[in-house]
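[1] I would like to see how this sequence folds:
(one chain, ligands or ions: 1)
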Amino acid sequence: MVEDLNITPGLIRKKTYEELLPQMQALIADETDLIANLANVAAALKETFGFFWIGFYLKKERELVLGPFQGPVACTRIQKGKGVCGTVWQEKHTLIVPDVEKFPGHIACSSLSKSEIVVPGMKNGEVALVLDIDSEKLNDFDETDKVYLEKIMKLIEQKL
Ligand code: SME
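    Now for the predicted structure:
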């Protein structure tokens, strides 16, 4: 595996994702343990972008349960259809929330979180986990984040 990320500072976010993606692939290529890989993916995203909170929720029976993350402590269990994560579980597609206060039922783990993106990871047509990223800035996520975070999730799906 790679020992250090090598990311050029100051690039636009799309270029940064392009630098990060092959390194992310190398980071998880030789490891089969899912939790170890999710931990490194969360850490790599935190180190690269500095987002406020980055983490995974894993589907376990009838709930999403908190998995590896970087950032402040967070709520541990989310029901299907609840909050942004539970809605993504139900709808099976990425959601970008420019202003969390305007998302009905948003689960506020921290009042500092202002915008959010949640990307599902699928196994056999069902959501197996979600990647949740929170920003302290309003409207911090767009189509570029969706495209590249979905590519990162595809790498993870290959390990499920
Ligand atoms: N805001 C999420 C809950 C998880 S935290 O942001 C870490 C939601 O509404 O699903």
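
[2] pLDDT score assigned to the residue nearest the centre of the chain?
    Taking C-alpha atoms, centre = their mean, the centroid of the chain lies closest to residue 131, which sits 2.7 Å from it. The pLDDT attached to residue 131 in the predicted structure is 98.

[3] Please give me every residue in contact with the residue lying closest to it once chain neighbours are set aside.
    Nearest non-adjacent residue to residue 131, counting by C-beta to C-beta, 6 or more residues apart in numbering: residue 119, 4.6 Å away. Backbone N, C-alpha and C define where each C-beta goes, glycine included. Contact partners of residue 119, counting by C-beta atoms under 8 Å, 6 or more residues apart in numbering, are 88, 94, 130, 131, 146, 149, 150, 152, 153.

[4] Spit out the contact partners of the residue nearest to the centre of the chain.
    Contacts of residue 131 (C-beta under 8 Å, 6+ apart): 41, 54, 55, 56, 118, 119, 121, 149, 152, 153, 156.

[5] can I assume it sits in a helix?
    No - going by DSSP: H, G, I helix; E, B strand; the rest coil, the assignment for residue 131 is strand, not a helix.
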